[in-house]
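**Q** Next input, structure requested:
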Amino acid sequence: TFRPKRFEPGTLKYSLHKQAQASLSSGINLSVVSLPQEDLNDWIAVHVVDFFNRINLIYGTVCEYCTETSCPTMCGGQKFEYLWADGVKYKKPTALPATQYISLLMDWIETQINDEHVFPVTVGKESPYSTV
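**A** Numbers count the residues shown, from 1 in each chain. Purely as a prediction, here's the structure:
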């Protein structure tokens, strides 16, 4: 189920999200992108969430064609198979059908995005992964 992450109107992240939407809709050449004057961590967070939402939408359009029967493994061609390990339920890398793998992956990503220690909501909070 697609559940896009939303930003609170009036916040800096909401403003950055709107700017990102406008730039993506304008048809600009994305090969030359300069960082905005805003905080780098906020800019990255907004674009990570936007990317997650877009991937979720894309997967939503193809998921009906990928079933446990038609996609019994999560693979990248014949040479690569992706195994799931989350350290909780799946302590060892485990082969899963692609649909289950992607569902677990999207849930894990959403949990990371919603974790305020990783993606602080309030301006001024520092992430343990801070780059600035």
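**Q** Flag the shaky bits of the chain, pLDDT-wise.
**A** Flagging of the chain using pLDDT under 70 yields the residue ranges 1-5, 7, 12-13, 16-17, 19-20, 22-38, 122-132.
**Q** For it, give the helix that spans the most residues.
**A** Scanning the chain for the longest helix, with DSSP state H as the assignment, gives helix 40-62.
**Q** how about that helix: buried residues?
**A** Neighbour-count burial for helix 40-62, counted by 16 or more other CB atoms under 10 Å, picks out 41-46, 48-50, 52-53, 56, 59. The way it works is simple: take the backbone N, C-alpha and C, and place the C-beta from them, glycine included.
**Q** And it, what does it pack against?
**A** helix 12-25, helix 98-114 (3 or more CB pairs under 8 Å, 6 or more residues apart in numbering; DSSP states H and E).
**Q** For T73, which non-adjacent residue is closest in space?
**A** E81 (5.4 Å; CB to CB, 6 or more residues apart in numbering).
**Q** now I55
**A** Counting by CB to CB, 6+ apart, I55 lies nearest to M106, which is 8.0 Å off, once chain neighbours are set aside.
**Q** From L57, how far out is that neighbour?
**A** According to CB to CB, to the nearest Å, M106 and L57 sit 11 Å apart.
**Q** OK, contacts around V62?
**A** When the contact criterion is CB atoms under 8 Å, 6 or more residues apart in numbering, V62 has no partners at all.
**Q** I'd like the C-alpha coordinates of stretch 40-60 written as CSV, please.
**A** In CSV, the C-alpha atoms belonging to stretch 40-60 read as follows (Å, rounded to 0.1, in the frame of the first residue of the first chain):
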residue,chain,number,x,y,z
LEU,A,40,22.2,20.3,3.8
ASN,A,41,20.6,17.7,6.1
ASP,A,42,17.1,19.1,5.5
TRP,A,43,17.7,19.2,1.7
ILE,A,44,18.9,15.6,1.7
ALA,A,45,16.0,14.4,4.0
VAL,A,46,13.4,16.0,1.7
HIS,A,47,14.9,14.4,-1.4
VAL,A,48,15.2,11.0,0.3
VAL,A,49,11.5,11.1,1.2
ASP,A,50,10.6,12.3,-2.3
PHE,A,51,12.6,9.5,-3.9
PHE,A,52,11.0,7.0,-1.5
ASN,A,53,7.5,8.2,-2.5
ARG,A,54,8.4,8.0,-6.2
ILE,A,55,9.8,4.4,-5.9
ASN,A,56,6.7,3.5,-4.0
LEU,A,57,4.5,4.8,-6.8
ILE,A,58,6.6,3.0,-9.5
TYR,A,59,6.4,-0.3,-7.6
GLY,A,60,2.7,0.2,-7.2
